[in-house]
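> Please find the sequence and the predicted model below.
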Amino acid sequence: MIIQFEQDINESQKEAIINRIKGLKYKPTEVKTQKGTYLIGIGKKNFDIRSIGSMDGIKDIHIVSDDYKLVSKKWKVNHTTIDLGGGVKIEEGGFQIMAGPCSIEGEDQIRKTIAHLKENGVSIMRGGVFKPRSSPYAFRGMGIDGLKLWYELAKEAGIKIVTEVMQVSQIEEMDPYVDIYQVGARNTQNFNLLDELGKNTDKPVMIKRGISGTIDELLYSAEYVFSAGNERLLLCERGIRTYEKATRNTMDLNAIAVLKEKTHLPVIADPSHGIGIRDFVEPIALASIMAGADGVIYETHEKPEEAYSDGQQTLNFPESAKLIDRMKKTFALRESF
């Protein structure tokens, strides 16, 4: 069950509620976030929730059968909105585009990418400054200095930043320069990192699905962050590893529709990693929108053939501009139904 406390609940009221929950043989866990205080009760005994819901200090109470409680749609009918400020929101009924290079490479590249995004009405730039690479000899990012440079240029242009955090020690130094933290596919079950992103930042966190992760495992990862104190969350379908060898990954379009049914959190699609081949990024992006995605994140670079990483799945600027136009038209078509 999930109990949402009134904001002005006092300690004696809270203690009475907790004792009642324990009396039902449920294990209570208190969760405090930016937006409220909750009590999660884990147990199996059937009872009439009205007997608890009428107690002083309770704003709302729900029975949630899912193992992931706080991210479940079964208790929160209204979808979560992520407000980045400056009129930039990720929300139900809207559509956001996040675009940029796989890796941040330098000032000239940043400026050209920002100019491309501004020209095409995109408000969120993606890019990596800490890069988890399969080979230890590959380019692994510009680090915190690259992030600071990127932040100053993006802020000047009114562009928001989404970038990957790889370990707990990076959160504090990154926090002033990030609008959305990204948890990459390799870290989806790094539970220490997820806990700390719940405890030590109020910034939104976008969690990518694990390389071979299930939909439920993605939701459990989000539950870690929410239960640790941060409910500003997004989920990202970025393809999974299967037996298919024709593409880099298999983009699970099913997951987008299923996640929209299971959770109140925004769902983002990543067709660049989902298929891993430049020529097929556009159709997968458009299909993701029709499946219900609240946004699309993809890779673009002025000269993909010279990109430090992931050039094979990266669109050049003319291809990116065409995709942006078609995504906006596809979203309008979806909303017309």
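Good, I have the coordinates.

> unless I'm mixing things up, P266 is touching T80, no?
Yes - counting by Cβ atoms under 8 Å, T80 is a contact partner of P266 at 6.4 Å. Heads up, the C-betas are built off the backbone N, CA and C, glycines and all.

> Mind checking which of the two has more residues around it?
Taking other Cβ atoms under 10 Å, P266 and T80 do not tie; P266 has more neighbours (26 against 21).

> What's the separation between that one and F95?
Remark: distance between P266 and F95 (Cβ to Cβ, to the nearest Å) = 10 Å.

> Show me whatever sits in contact with both of those two.
Common contacts of P266 and F95, defined by Cβ atoms under 8 Å, 6 or more residues apart in numbering, comprise 294-295.

> Which parts of the stretch 51-200 of the chain are helices?
Taking DSSP state H, counting those that start in this stretch as the test, the helices found in the stretch 51-200 of the chain are 107-119, 143-157, 171-174, 191-199.

> Please identify the most buried of those.
Highest mean neighbour count among the helices of the stretch 51-200 of the chain (mean count of other Cβ atoms under 10 Å): helix 191-199, with a mean of 19.

> rewinding a little: who wins for proximity to Q7 among the helices of the stretch 51-200 of the chain?
Q7 lies closest, by Cβ to Cβ, to one member of the helices of the stretch 51-200 of the chain: helix 191-199, at 20.3 Å.

> Ranking helices and strands of the protein by mean pLDDT, which lands last?
helix 50-53 (a mean of 91; mean pLDDT, DSSP states H and E).

> what's that helix packed up against?
Helices and strands touching helix 50-53, by 3 or more Cβ pairs under 8 Å, 6 or more residues apart in numbering; DSSP states H and E, are helix 11-23, strand 58-62.

> Please point out which parts of it sit buried.
Within helix 50-53, the residues scored as buried using 16 or more other Cβ atoms under 10 Å are I52.

> For it, which outside residues touch it?
Helix 50-53 is contacted by residues 3, 17, 20-21, 58, 60-61 when judged by Cβ under 8 Å, 6+ apart.

> Just give me how far that helix sits from the chain centre.
When C-alpha coordinates are averaged (Cα atoms, centre = their mean, to the nearest Å), helix 50-53 and its chain have centres 34 Å apart.

> ditto for stretch 162-179
Mean C-alpha position of stretch 162-179 versus that of the full chain (Cα atoms, centre = their mean) differs by 14 Å.

> What is the end-to-end distance of it?
Using Cα to Cα, to the nearest Å, the end-to-end distance of stretch 162-179 comes to 6 Å.

> Distance-wise, check A138 relative to P28.
As judged by Cβ to Cβ, A138 and P28 stand 47 Å apart.

> Looking only at neighbour counts, state which of the two leads.
A count of neighbours by other Cβ under 10 Å puts P28 above the other of A138 and P28, at 18 against 12.

> which residues touch the more buried one?
Contacts for P28 (Cβ under 8 Å, 6+ apart) come out as 18, 21-22, 39-41.

> Okay, E196 and V183: tell me how far apart.
Distance of E196 to V183, given as Cβ to Cβ: 11 Å.

> Next: H116.
Using Cβ to Cβ, we find H116 at a distance of 26 Å from V183.

> likewise I240?
Using Cβ to Cβ, I240 is found at 16 Å from V183.

> for L235, same thing?
10 Å.

> Could you tell me which residues touch both of those two?
Common neighbours of L235 and V183 (Cβ under 8 Å, 6+ apart) are 206-207.

> Show me what secondary structure element comes after the helix or strand in which M290 is found.
Counting by DSSP states H and E, the element that carries M290 is helix 278-291. Remark: after helix 278-291, the chain's next helix or strand is strand 295-299, criterion DSSP H and E.
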